[in-house]
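have a look; sequence and predicted model below, questions after that.
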Amino acid sequence: MQPQPSPGGPLLLRLLAAIPLCALVGCATVKTRASASEPPVVMATAPVENSVALADPHSEAGQAGTVEGAAQDKMRLVTAGVIAAALQAAAMVTGPASTSGRFWDELLSPTELSRSIVQRSIQLVGARTLGKSVPNDCSGFVRLAYLAGGIDLVNHGFLAGENAVSAIFRRALDVGTVHHQAPRPGDLVFFRETYDRNRDGRRNDGMTHIGVVEGVDGEGTVTFIHRGGKGVARGRLNLAAPAKHQLGQGGPVLNDYIRPAAKGSRAYLAGELFAAFASPEGL
């Protein structure tokens, strides 16, 4: 059954368009998507570069990586600000209780394309293997999910030294679908440094993990589906509290652990290693 639009739907969108997001997140510029009906895309002032690896902080490249890290922090704040603005709009129109129901159906209503991607992702939850047509890893999972929408995420090929995740991210950058606003169901979500890919003991591996956004709850926690170490499963990501696993003792989980502790290094949460979202349209 298709979700029925909230009676306050048009007013919700007008309120969202009127909220001064820059005041919420500090120094930022606003870009709009190709469709005028969609909410504004808020991007940090610092651009996202094609080079996504973090270098040794004591080298010249490492200093550049520090600047890039600061830009990523700004982007996380931007995303948190957008979600906060959406929640404020919901409370103004329909009351706080509705922010986990019809409000999100109206604001984040999936397209036919994204609905196909999410449905296929859900079908794969619990799978330990992905078959022989794709690699049995996170990139293979998102490729299967997006093929349900008629999109082959790697038909553009690979550059020397690229992994599948960085190749998909490069493609999303090239077509302009990378964003740091509140995600919609079916969006890709990218993470960096989720494991030591080159096995040198440093966090310099760039984009290493990818998943598909399933939805966003009233607290701004994103549920995504990904192929992890134990198969295809759901994970949680909250950019308003990126370094917090749980909200109080016994409270809801905000961020799942996405990089296990190893070789004296602590475990890392999804919010800490988040890099970007990307919309399926145009890929």
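Thanks, I have it.

give me the below-cutoff pLDDT ranges for the stretch 151-283 of the chain.
198-204 (pLDDT under 70).

residue boundaries of the strands in it?
Per DSSP state E, counting those that start in this stretch, the stretch 151-283 of the chain carries strands over the ranges 178-179, 188-192, 207-216, 222-228, 231-237, 257-259, 268-269, 274-278.

okay, the ones you listed in TSV with mean neighbour count and distance to residue 125 next?
No exception for glycine: its C-beta is placed from N, CA and C like everyone else's. Listed next are the strands of the stretch 151-283 of the chain as TSV, based on neighbours: other CB atoms under 10 Å; distance: least, CB to CB, whole Å:
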stretch	mean neighbour count	distance to residue 125
strand 178-179	22	25
strand 188-192	24	16
strand 207-216	24	9
strand 222-228	23	6
strand 231-237	20	5
strand 257-259	21	17
strand 268-269	20	21
strand 274-278	24	20
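
can you pull the contacts of residue 125?
Residues in contact with residue 125 (CB atoms under 8 Å, 6 or more residues apart in numbering) are 225, 232, 233, 234.

what's the closest of the strands of the stretch 151-283 of the chain to residue 147?
Closest to residue 147 of the strands of the stretch 151-283 of the chain is strand 207-216 (CB to CB; 12.1 Å).

which helices and strands sit right next to the closest one?
Packing contacts for strand 207-216, counted by 3 or more CB pairs under 8 Å, 6 or more residues apart in numbering; DSSP states H and E, involve helix 112-124, helix 138-147, helix 164-175, strand 188-192, strand 222-228.

one step back: could I get the strands of the stretch 151-283 of the chain in TSV, plus columns for distance to residue 133?
What follows is the strands of the stretch 151-283 of the chain, written out as TSV (distance: least, CB to CB, whole Å):
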stretch	distance to residue 133
strand 178-179	26
strand 188-192	19
strand 207-216	17
strand 222-228	14
strand 231-237	15
strand 257-259	26
strand 268-269	31
strand 274-278	22
